[in-house]
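Trainee: after the sequence you'll find the predicted model.
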Amino acid sequence: MREHVKGVILIVSLGIFALLGVLVSGAHVAYAHETSIVLTLIAVALGYRIYLHGIRSLRHGDVTAQLFATIAIFISVIAGFALPSASATGTAEAVGYLTASAIVAFIILAGMTLEDYIIHRTRGALETLIKMSPTTARARRDGMEVEIPIDKVKLSEIVLVKPGDKIPVDGTVISGHSTVNQATITGESISAEKTVGDRTFAGTMNENGALEIKVEKIAEETTLAHIIQLVEEAQEKKAPIQNVADRFTTYFLPIMAILASSVFAATYFLFGFEVALARTVTVLLVACPCALAIAVPVAVAGTIGNASMNGIIIKGGTHIEKLKDVKLVAFDKTGTLTVGVPKVVNVKSFGNHSEEDVIKYAAIAEKFSEHPLSKAVIARATETNVKIPDPRDFKTIPGQGVEAHYGNKHILLGRKMMETRIPEEANQFMKRIESEGKTAVSVALDKDFIGVIVVADTVRENSVEAVQRLRRIGVKTAMVTGDNMLTAKAIAEQVGVDEYRAELLPEQKVAAIGELRKGHVVAMVGDGVNDAPALASSDVGFAMGAAGSDIAVETADVALLGDDLTKVEYAISLSRKAFSRMKGNIAYAFVWNVVALSLAGFGVLNPVLAVVLAEAGCLSVVINSALLLLNKPQAFVKTSREVPLRDDLR
Amino acid sequence: MTIEKVILNASKEDCTGCSTCAIFKADNLRHAIARLDGISKVKVDEITRKVTMEYDTEKISLSKITERIEKLGYQVKILSPEENR
């Protein structure tokens, strides 16, 4: 910020001196011309940033717009003193030349400062992230609760987080219960519940409860710090389209040299030295190679910054260019399109027992089991606030199920029912369930068949929306999974993907991606760990739920820090927009230069107009690119309904 | 706290053809360094990309700093490490 204030002060004083110069030259005072010349020269001198830049860049082997401007201003100043017309008609003419130089310097300096400021703002997203980095933590020292600077926090110690506090470290909750807004990391505005055993991230906001957190990562190792580092690195990586712009700028010097000297020569023979000089100066001033060169880097920074605010890390300009061409997105199934954890999706009772009874007895029998299916049953029972009493004589029957006693009742649970008679209706029901790729668990009470619990992995609530949004922007979808055909078919139909491939081993997944890539640019979305090979073999690999998993972030081209799949479409749409803007800007800057140079060459412009044109061209490109930062994703509206149960299963 | 001053050159094959680009890139670099814990002063020359900085040796090592700069795609050459001023 201080830099900008300094810049503005320079511009204003330059302007004041130039203005004073003009006023004094017209006033009827002694030594008016001389005073005016001095004032104007001071004004010109205040544009020193331009000349420093121009001259030093030349020493460094670069040719810059500032160099052209420096030469032009220098020529003008010399002309003011040396031209025959200036000395013949007295100092008034000299003042004219000098004033023009001062105005030119004023406009260029103002343009430079404004561009700097806008570009600085492009970093806004990154700055916001950095501001999220906590600076202090509350820890226990000598039995006292004290606030300490973040760099004094030690690994494995316990930090205390009060309601409304920022969470200072990456760690695990060891006591307490709260909701935490993780938007800084995941880009998701809906707060996450945190309780004992859950992971927390530095820079996220604790909302309503107090938490005690065991420190696992601090300072530069936290997820937030990694995100900031990744964004910094990504912004430094060139987009291939940049090469087009760079090539133009390399040819710029020879073209300008030829152009300026031919304009000078032609005008000299036609109109004489003075006109030739003015016109050459104009040509030098009107050129803005800058607009060409800056268009892409600013757009890349804007895009990556925008994405990072939405929980998406795009790891470089190359991926923006690839993303815009994506025609098919392949999703992994388990843990990507689905939650990845089995859940009770339906309960059907038989005989005169209620569905609640079925769940209750099943939960009692499963209470001490570690099987994923048991966890699903117990989770369902807990949801309905049923107290689960302890069973007696709990026993697992390998490959079949569990049995246990409760009171004087015997509970049997599993796929095989021993000597229990299964009603024909239940048999049919279970067959249908299994044909849909779900798991049916039978429950028997004292050898009476009382019901069936249907357990299945459930589709993530944003999967359907994600697929629909992709379809809306003309991108096809596919699902690749190692799971069996039946389950795959059921999930594929539910989510609505265009095609699916099932029963794939990891290396077959890679082959499947290879096949899909024939004729399409393919993005693959997976968890980034198990799917790493498939992600690597696609054109753009998306890792989802990547917050906290360094491997996932490392392997992916694009990391979705949360698990909102609709961000896939956003990343593609944003990249399309960004790329078309880069291309547009390059074309626009090119045409602008050609038109402005022709106008200057044919004497339509004067130096002041020329410099206004050049700065306007450059500024409009910078602004247009920086505006990418303001793009916003369409929010995913969380509906209360879970995955719809199909009516025929009720 | 032991403050050490170091001057290094960060070079990269890219176009800094005009002030806007040059300032943009130098600013990125300056920011990435300044953000690190233990850096007290940092200046980056827009054209030559000469980096002048002061850092606390108890908080960060020079190799950590250069590693970070290299991660951003620069080649680092240390010009003058002045011992404990």
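Mentor: Arrived safely. Just so it is clear, the model here is predicted, and its values are computed rather than measured.
Trainee: use CA for all of it now, contacts and neighbours both
Mentor: Noted.
Trainee: and A:Thr318, what pLDDT?
Mentor: Predicted confidence (pLDDT) for A:Thr318: 90.
Trainee: would you confirm that it contacts A:Gln242?
Mentor: No - the criterion here is CA atoms under 8 Å, and A:Thr318 misses it with A:Gln242 at 9.9 Å.
Trainee: those two - which one has more neighbours?
Mentor: A:Gln242 (23 against 19; other CA atoms under 10 Å in any protein chain shown).
Trainee: what about that one, distance to A:Ala301?
Mentor: Per CA to CA, to the nearest Å, A:Gln242 is found 13 Å from A:Ala301.
Trainee: same question, A:Gly26
Mentor: 49 Å.
Trainee: when those two are compared, which one has more neighbours?
Mentor: Applying other CA under 10 Å to A:Gly26 and A:Ala301 shows that A:Ala301 carries more neighbours, namely 29 against 12.
Trainee: assign residue 51 to helix, strand or coil.
Mentor: Defaulting to chain A. Secondary structure for A:Tyr51, judged by DSSP: H, G, I helix; E, B strand; the rest coil, is helix.
Trainee: try chain B instead
Mentor: strand.
Trainee: dig out what it forms beta bridges with.
Mentor: Bridge pairing for B:Val51 (DSSP bridges) gives the partners B:Leu8, B:Val44.
Trainee: what's the neighbour count on it?
Mentor: With other CA under 10 Å as criterion, B:Val51 counts 22.
Trainee: what's the closest non-adjacent residue to A:Ala139?
Mentor: Nearest non-adjacent residue to A:Ala139, counting by CA to CA, 6 or more residues apart in numbering or on different chains: A:Val159, 4.6 Å away.
Trainee: cool, and A:Leu565?
Mentor: Excluding its sequence neighbours, the residue lying closest to A:Leu565 (CA to CA, 6+ apart) is A:Ala466, at 5.6 Å.
Trainee: now do the contacts for that neighbour.
Mentor: The contact partners of A:Ala466, taken as CA atoms under 8 Å, 6 or more residues apart in numbering or on different chains, are A:565-569.
Trainee: roughly how far does A:Gly317 sit from A:Arg123?
Mentor: 15 Å.
Trainee: what about those two, which has more around it?
Mentor: Neighbour count, other CA under 10 Å: between A:Gly317 and A:Arg123, A:Gly317 has more, with 27 against 24.
Trainee: for chain B, see how far away the more buried one is.
Mentor: Distance of A:Gly317 to chain B, given as CA to the nearest CA, to the nearest Å: 13 Å.
Trainee: what's the neighbour count on the residue nearest to that residue when sequence neighbours are not counted?
Mentor: Closest residue in space to A:Gly317, ignoring its immediate chain neighbours: A:Ala239 at 4.0 Å, by CA to CA, 6+ apart. For A:Ala239, the neighbour count with other CA under 10 Å is 22.
Trainee: check the secondary structure at the residue nearest the centre of chain A for me.
Mentor: Central residue of chain A (CA atoms, centre = their mean): A:Ala307, 1.8 Å from the mean position. Under three-state DSSP, A:Ala307 falls in the helix class.
Trainee: if I look at it, how far off is A:Ile314?
Mentor: Distance from A:Ala307 to A:Ile314, by CA to CA: 7 Å.
Trainee: check what pLDDT the residue of the stretch 451-600 of chain A found nearest chain B gets.
Mentor: The stretch 451-600 of chain A approaches chain B most closely through A:Glu554 (13.6 Å), counting by CA to the nearest CA. As predicted, A:Glu554 sits at a pLDDT of 78.
Trainee: same question, A:Val495
Mentor: On the pLDDT scale, A:Val495 gets 92.
Trainee: same thing with B:Thr52?
Mentor: At B:Thr52, the pLDDT value in this model is 93.
Trainee: cool, and A:Val63?
Mentor: Taking A:Val63 on its own, its pLDDT is 68.
Trainee: same question, the one 10 residues further on
Mentor: Among the per-residue scores, A:Ile73 holds a pLDDT of 88.
Trainee: wait, doesn't it sit right on A:Thr99?
Mentor: No - using CA under 8 Å, A:Ile73 makes no contact with A:Thr99, being 10.4 Å away.
Trainee: tell me if the host helix or strand of A:Ile118 is near chain B.
Mentor: Following DSSP states H and E, one finds A:Ile118 within helix A:91-122. Yes - Helix A:91-122 comes into contact with chain B (CA under 8 Å from any CA of the partner chain), by way of A:112, A:115-116, A:119-120.
Trainee: just list the residues touching residue 11, thanks.
Mentor: Answering for chain A, as no chain was given. A:106, A:109-110.
Trainee: sorry, I should have been clearer: chain B.
Mentor: B:49, B:74-76.
Trainee: who does B:Glu4 bridge with?
Mentor: B:Tyr55.
Trainee: how many residues are close by it?
Mentor: 18.
Trainee: kindly report the same for A:Glu145.
Mentor: With other CA under 10 Å as criterion, A:Glu145 counts 12.
Trainee: which SS class is it?
Mentor: strand.
Trainee: ok, now which ones touch it?
Mentor: Taking CA under 8 Å, 6+ apart as the definition, contacts of A:Glu145 comprise A:138-139.
Trainee: that one and A:Ala137, how far apart?
Mentor: For A:Glu145, the distance to A:Ala137 - CA to CA - is 10 Å.
Trainee: please apply the same query to A:Lys567.
Mentor: 32 Å.
Trainee: over to A:Gly54?
Mentor: To A:Ala137, A:Gly54 is 48 Å away according to CA to CA.
Trainee: which one of these two has more residues nearby?
Mentor: Applying other CA under 10 Å to A:Gly54 and A:Ala137 shows that A:Gly54 carries more neighbours, namely 25 against 21.
Trainee: please name the nearest non-neighbouring residue to that one.
Mentor: A:Leu67 (3.7 Å).
Trainee: buried set for the helix or strand that neighbour falls within?
Mentor: If you go by DSSP H and E, A:Leu67 is part of helix A:65-82. Residues A:65-77, A:79-81 are the ones in helix A:65-82 that count as buried (16 or more other CA atoms under 10 Å in any protein chain shown).
Trainee: then the helix or strand the residue nearest to A:Leu565 falls within to CSV, C-alphas only?
Mentor: Secondary structure assignment for A:Ala466, by DSSP H and E: helix A:463-472. Extracted C-alpha coordinates of helix A:463-472, given in CSV (Å, rounded to 0.1, in the frame of the first residue of the first chain):
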residue,chain,number,x,y,z
SER,A,463,-23.2,-36.1,-7.4
VAL,A,464,-26.4,-35.8,-9.4
GLU,A,465,-26.2,-32.1,-9.6
ALA,A,466,-22.5,-32.3,-10.6
VAL,A,467,-23.3,-34.6,-13.5
GLN,A,468,-26.2,-32.4,-14.6
ARG,A,469,-24.2,-29.3,-14.6
LEU,A,470,-21.5,-30.9,-16.7
ARG,A,471,-24.1,-32.0,-19.2
ARG,A,472,-25.4,-28.4,-19.3
